[in-house]
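predicted model and sequence follow; I will ask about them next.
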Number of protein chains: 2
Amino acid sequence: MNKDLILLGHGSGGKLSHQLLDDLIIPTLSGISRAGQNDAAVVEHGGQRLAFTTDSYVVDPIFFPGGNIGGLAVNGTVNDLAMMGARPLFISVGLIIEEGFSRTELAEVLSSMRGAADAAGVRIVTGDTKVVPRGKADRIFINTSGVGAIEHSFAISGAGARTGDKVIVNGTIGDHGIAVMARREGLELETDILSDCAPLNGLVAEILAEAGEAVHVLRDPTRGGVATTLKEIALQSDKIITLHERALPLNGAVKGVCSILGLDPLYVANEGKLLAVVAPEAAERLLARMKRHPLGHGAAIIGEVGDGGGKVQMETAVGGVRAVEMLAGEQLPRIC
Amino acid sequence: MNKDLILLGHGSGGKLSHQLLDDLIIPTLSGISRAGQNDAAVVEHGGQRLAFTTDSYVVDPIFFPGGNIGGLAVNGTVNDLAMMGARPLFISVGLIIEEGFSRTELAEVLSSMRGAADAAGVRIVTGDTKVVPRGKADRIFINTSGVGAIEHSFAISGAGARTGDKVIVNGTIGDHGIAVMARREGLELETDILSDCAPLNGLVAEILAEAGEAVHVLRDPTRGGVATTLKEIALQSDKIITLHERALPLNGAVKGVCSILGLDPLYVANEGKLLAVVAPEAAERLLARMKRHPLGHGAAIIGEVGDGGGKVQMETAVGGVRAVEMLAGEQLPRIC
């Protein structure tokens, strides 16, 4: 294998992505340490703390059950801001369109972006449109960048997990990845699996109102899934996270597709889920509050944090314990 | 012709781009009026004025005389912020990489980004990397978004041109577009034409220090060239702009390539040029100051603003007058 080539796995969000980021991209561009890496950068200006983030969306197919690339692009960036506890303010939109793309479909994608922005209470204020010749891109790619206001003084960061903390997820895992994959592969399912694509800023506001400084980490488990995100947190916080397989909320249809195809839902992307690592004394009360929110009624405590270095393990349903690593390679390319 | 299809010309920065923006993209996403459209959005937060902008770069080839896609992406966004008189603060980087792209070339592109950021005094603080299968993108596309601080109280906007104002450009026009095109087409030139790719924030700081509120419009004439940018200003300000062909600074080699290929340098992209529309009493003094700056020694007064609605005209070298319209179609695709 030619080691000079970029592989699909370098975009997986998993192990290869982290290697490329840690070995080349981050040292060259900015030099931000691993412990300082979060879903959005926190920057200071004029005495204000702002969150700033960017994501490009290359999902295939662009229309999938439960959404399309437009709403996904807005919600994804809203969520990256929300994971810093920031209130999303402004979004930019960069379109790269393949020559010959349908204007009707473009209108549908843009309309979905506007709907998502309105739902999240964020304004699209600036944009750019490029068109490349047929065959030089795949229909449409969308970049969204976002600026949010950090109006709390809590230290929310991937490095913040403490021994004894509980890990909460706000609902079923793997829905987005399996919805996209099923549509791409033309699987005929009895019940459509819908993407969970949704803006999480409202739920995060509730979480901070309820638990405040007891919230140590917030992350959305997108590419690489819950497993990869928890491994990142474990590494950044230098802790061990133990998951309970029985506690993982899982849609029956997602479970079925995963078992047929040999996929592990722990590694499948989500677009409307968050992981909150919170102080134990706040966990049950917070869980109850989350369950009352439309995007949290499937919430569950799925694990806890212990002493130990950069590891994730799972207590399986049959009573064993297995190590959980980052996604290796590319399980489901172009899932977001 | 199927009217539902997106054409290359929709990404030209010219007439078709404006139609797509005015008819579909802007009304759907934001509803910002034409008069309010500038190189960057101006947003307010916490009593501060910020500029926010985004651009995706799809230039082909990615390495060209005088630069590469990386430096171009940083300078382009720095310049969009500078055109609002903003001090660039933070940049985001979104990479879309084709599977099989060379890691060595990626390193070179990233290193150029860092160099450009350091030169402009701006920090790259957040990023995202996607990889798509071979044939689904063309090597590498880069989105950069940027946030800048607006620390002056001048009203700089495309709608600000007044009757009597002078139009100044900071040097020769068309260098970037012709440098990229010559490399793409494999033209053998006696002297290499270099892209003018450069960060303009330093020059803008000088311009504002010298002329302050006498500066009414700042724009960088990228896609669509000087002609299209002036036409935008004329439309936004509802004025007529008269250009003097003899006054246009033009590199001899660029002029030669343009005349051989039947291109008009007025429509060719620049990446280190700005157009300043300034009050007449400040023009000569400002010109002298600009000429002392490394990116302004070729500066010239190229025209003036008069009463009339949304028109640009050129007094030709032979004494005639011709109308100057926006770029129609796509003269040089993928130039930035």
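Yep, that arrived.

residue ranges of the helices in chain A, please?
A:15-20, A:26-29, A:69-82, A:103-120, A:175-185, A:201-211, A:225-237, A:252-261, A:280-291 (DSSP state H).

could you list the low-pLDDT ranges of the stretch 201-336 of chain A?
For the stretch 201-336 of chain A, applying pLDDT under 70 flags no range at all.

residue numbers of it in contact with chain B?
A:330, A:333-334 (Cβ under 8 Å from any Cβ of the partner chain). Where you see a C-beta, it was placed from the backbone N, CA and C, and this is true even at glycine.

and the residue of the stretch 51-200 of chain A that's closest to chain B?
Here the stretch 51-200 of chain A gets closest to chain B at one residue, A:V131, 3.0 Å apart by Cβ to the nearest Cβ.

OK, contacts around that residue?
A:V131 makes contact with A:96-99, B:6-12, B:330, B:333, according to Cβ atoms under 8 Å, 6 or more residues apart in numbering or on different chains.

what's the answer for A:G127, then?
With contacts defined as Cβ under 8 Å, 6+ apart, the neighbours of A:G127 are A:92-95, B:25-26, B:29-30, B:54.

same thing but 6 Å
Each residue near A:G127 by Cβ atoms under 6 Å, 6 or more residues apart in numbering or on different chains is listed here: A:V93.

pop out the phi and psi values for the residue nearest the centre of chain A.
What sits nearest the mean C-alpha location of chain A, by Cα atoms, centre = their mean, is A:T222, with 2.9 Å. Backbone torsions of A:T222, given as degrees, to the nearest 10, read phi -90, psi -120.

and which of the residues of the stretch 201-336 of chain A next to chain B is nearest B:S145?
A:R334 (21.9 Å; Cβ to Cβ).

how close does the residue of the stretch 51-200 of chain A closest to chain B sit to B:K3?
A:V131 sits at a distance of 16 Å from B:K3 (criterion: Cβ to Cβ, to the nearest Å).

pop the domain breakdown of chain A in here.
Using automatic domain parsing, the domain parsing of chain A gives A:8-149, A:166-324.

chain center to the first one: distance?
Pointing back at domain A:8-149 there. Distance, stretch centre to chain centre, for domain A:8-149: 11 Å (Cα atoms, centre = their mean, to the nearest Å).

again, but for stretch A:292-300
So, by Cα atoms, centre = their mean, the centroid of stretch A:292-300 is 17 Å from its chain's centroid.

what's the first-to-last distance across it?
12 Å (Cα to Cα, to the nearest Å).

who's in contact with A:A227?
The contact partners of A:A227, by Cβ under 6 Å, 6+ apart, come to A:266-267, A:324.

quick one: closest of the helices of chain A to B:V217.
Nearest to B:V217, of the helices of chain A and by Cβ to Cβ, is helix A:103-120 at 28.8 Å.

contacts for the closest one, please.
Taking Cβ under 6 Å, 6+ apart as the rule, helix A:103-120 contacts A:68-71, A:74-75, A:78, A:88, A:124, A:199, A:201, B:4, B:28-29.

distance to B:V278 and neighbour count added to those residues, as JSON lines?
JSON lines is the format used below for these (distance: Cβ to Cβ, whole Å; neighbours: other Cβ atoms under 10 Å in any protein chain shown):
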{"residue": "A:N68", "distance to B:V278": "46", "neighbour count": "22"}
{"residue": "A:I69", "distance to B:V278": "43", "neighbour count": "24"}
{"residue": "A:G70", "distance to B:V278": "41", "neighbour count": "31"}
{"residue": "A:G71", "distance to B:V278": "44", "neighbour count": "24"}
{"residue": "A:V74", "distance to B:V278": "39", "neighbour count": "30"}
{"residue": "A:N75", "distance to B:V278": "44", "neighbour count": "29"}
{"residue": "A:V78", "distance to B:V278": "40", "neighbour count": "30"}
{"residue": "A:P88", "distance to B:V278": "38", "neighbour count": "27"}
{"residue": "A:I124", "distance to B:V278": "32", "neighbour count": "26"}
{"residue": "A:P199", "distance to B:V278": "44", "neighbour count": "25"}
{"residue": "A:N201", "distance to B:V278": "43", "neighbour count": "21"}
{"residue": "B:D4", "distance to B:V278": "44", "neighbour count": "13"}
{"residue": "B:T28", "distance to B:V278": "35", "neighbour count": "20"}
{"residue": "B:L29", "distance to B:V278": "32", "neighbour count": "24"}
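
which among the contacts of A:A227 count as buried?
A:266-267, A:324 (16 or more other Cβ atoms under 10 Å in any protein chain shown).

residues near the nearest residue to A:I156 once chain neighbours are set aside, how many?
Spatial nearest neighbour of A:I156, chain neighbours left out: A:G85 (5.0 Å); criterion: Cβ to Cβ, 6 or more residues apart in numbering or on different chains. Residues lying near A:G85 (other Cβ atoms under 10 Å in any protein chain shown) number 24.

who's in contact with A:G85?
Listed by Cβ under 6 Å, 6+ apart, the contact set of A:G85 reads A:152, A:156, A:208.

report pLDDT for the first one.
What that stands for is A:H152. A:H152 carries a pLDDT score of 93 in this model.

list the residues that contact it.
A:85, A:208.

now it: how far from B:V254?
Relative to B:V254, A:H152 is positioned 54 Å away (Cβ to Cβ).

again, but for the second one
In this structure, A:I156 lies at 53 Å from B:V254, with Cβ to Cβ as the measure.

residues of stretch A:318-334 that come out buried?
Neighbour count says stretch A:318-334 has A:324, A:326-327, A:330-334 buried, by 16+ other Cβ under 10 Å.

many thanks, have a good one.
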